[in-house]
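[1] Below are the sequence and a predicted model; questions follow.
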Amino acid sequence: MTLPTIAFDGDDTLWHNETLFAGTQQHLRDILAVHVPAETIDRTLLARERANLALFGYGVKGFTLSMIETAIEVSDATVTAAEIQRLIELGKAMLSSPVNPIDGVDAVVESLKRRGHRLMVITKGDLFDQESKVARSGLADLFDAVEIVSEKDEATYRAILDRHEIAPADFVMVGNSIRSDILPVLALGGHAIHVPYAITWAIEHADNTADLPPILKAGSIAEVPEMIAGL
Ligand SMILES: [Mg+2]
């Protein structure tokens with residue numbers, strides 16, 4: 001049997017990410033608290049993010065523009081230039097904030113590498129930001145390939161597997177998002193291990209949880225090597 005290729009999602013699988021967005025969103029609420037309650041801000045921001053995904057894709061830049069549009073909308077266009085500048089600074093701070101690997105990630109990746117698995121990162125978001133995060137994570141040398149994509153759907157995974165000449169049966173995807181990391185890979189005939197993160201971005205929630213196929217779930221990333229050995 002071929003030793004499977006193991007691919008890891010980046011955000012909230014290899015390193016913390018959603019906590020950074022949640023922290024920034026709290027600042028947005030504080031800045032706009034004079035205009036509307038937090039629930040209105042959250043609802044408006046999510047609607048803006050959804051609408052902007054098709055235009056800007058995933059990542060901090062699109063999120064920053066969505067925060068600015070939210071500020072304009074909930075303030076009835078009375079938000080000041082100084083307040084908008086603060087939102088831009090919040091976005092810039094996200095791009096330069098330290099990359100915090102999830103506990104145990106380096107040991108897991110190193111042990112899979114020692115076993116001889118080919119290892120990949122498959123992540124979506126701003127190209128520049130994601131490349132920089134892989135580099136800053138300190139894990140880059142352990143991976144044979146890093147794929148930064150605009151969407152994680154079946155077509156994307158099929159193209160990656162074709163390019164690297166990997167059969168779906170010899171591929172395992174490890175990630176925190178059922179919608180992006182698990183379902184498309186299972187649909188292709190690959191393997192997937194779900195490692196939930198404490199917070200899931202609303203847009204990553206799987207649409208219809210009633211119809212989900214059986215999903216392998218790890219309590220933490222530390223359990224992943226054992227689960228892969230048992231596949
Ligand atoms: Mg993720």
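    Arrived safely, thanks for sending. Residues are numbered from 1 along each chain as shown.

[2] so what's R179 up against?
    Shown in contact with R179 (C-beta atoms under 8 Å, 6 or more residues apart in numbering): E204, H205, A206, D207. C-beta here means a position set from N, CA and C on the backbone, and glycine is covered the same way.

[3] Can you pull the residues of the protein lying near the ion?
    Neighbours of the ion within the chain, by C-beta under 5 Å from the ion: D9, D11, D12, N176, S177.

[4] With respect to the ion, which of the contacts of R179 is nearest?
    E204 (7.2 Å; C-beta to the ion).

[5] Any buried residues in the helix or strand bottoming out on mean pLDDT in the chain, and which?
    Between all helices and strands in the chain, the lowest mean by mean pLDDT, DSSP states H and E belongs to helix 127-136, at a mean of 93. Neighbour-count burial for helix 127-136 flags D129, Q130, K133, V134, R136 (criterion: 16 or more other C-beta atoms under 10 Å).

[6] would a markdown table of these with distance to G62 be doable?
    What follows is these, written out as a markdown table (distance: C-beta to C-beta, whole Å):
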| residue | distance to G62 |
| --- | --- |
| D129 | 11 |
| Q130 | 13 |
| K133 | 16 |
| V134 | 19 |
| R136 | 21 |
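
[7] from the residues you listed, which single one is nearest F63?
    D129 (10.6 Å; C-beta to C-beta).

[8] just checking, the closest one touches Y58?
    No. Using C-beta atoms under 8 Å as the test, D129 is too far from Y58 to be in contact (9.9 Å).

[9] Report the contact partners of the residue of the chain positioned farthest from its centre.
    Ranking residues of the chain by C-alpha distance from their mean position (C-alpha atoms, centre = their mean) puts T78 at the top, at 33.4 Å. Residues in contact with T78 (C-beta under 8 Å, 6+ apart) are H35.

[10] Ok, A47 next?
    Counting by C-beta under 8 Å, 6+ apart, A47 has no contacts.

[11] Same question for the one 5 residues further on.
    Neighbour list for N52: G62, L65, S66, E69 [criterion: C-beta under 8 Å, 6+ apart].

[12] quick one on the thing from earlier: looking at the residues of the chain next to the ion, which two lie furthest apart in space?
    Pairwise distances across the residues of the chain next to the ion peak at 8.7 Å for D11 and S177 (criterion: C-beta to C-beta).

[13] Check which helix or strand A107 maps to.
    Using DSSP states H and E, A107 sits in helix 105-115.

[14] Show me how far that helix is from its chain's centre.
    Per C-alpha atoms, centre = their mean, to the nearest Å, the displacement of helix 105-115 from the mean C-alpha position of its chain is 21 Å.

[15] Make JSON lines out of the residues of the chain next to the ion and add distance to S111.
    Listed next are those as JSON lines, based on distance: C-beta to C-beta, whole Å:
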{"residue": "D9", "distance to S111": "18"}
{"residue": "D11", "distance to S111": "22"}
{"residue": "D12", "distance to S111": "21"}
{"residue": "N176", "distance to S111": "20"}
{"residue": "S177", "distance to S111": "24"}
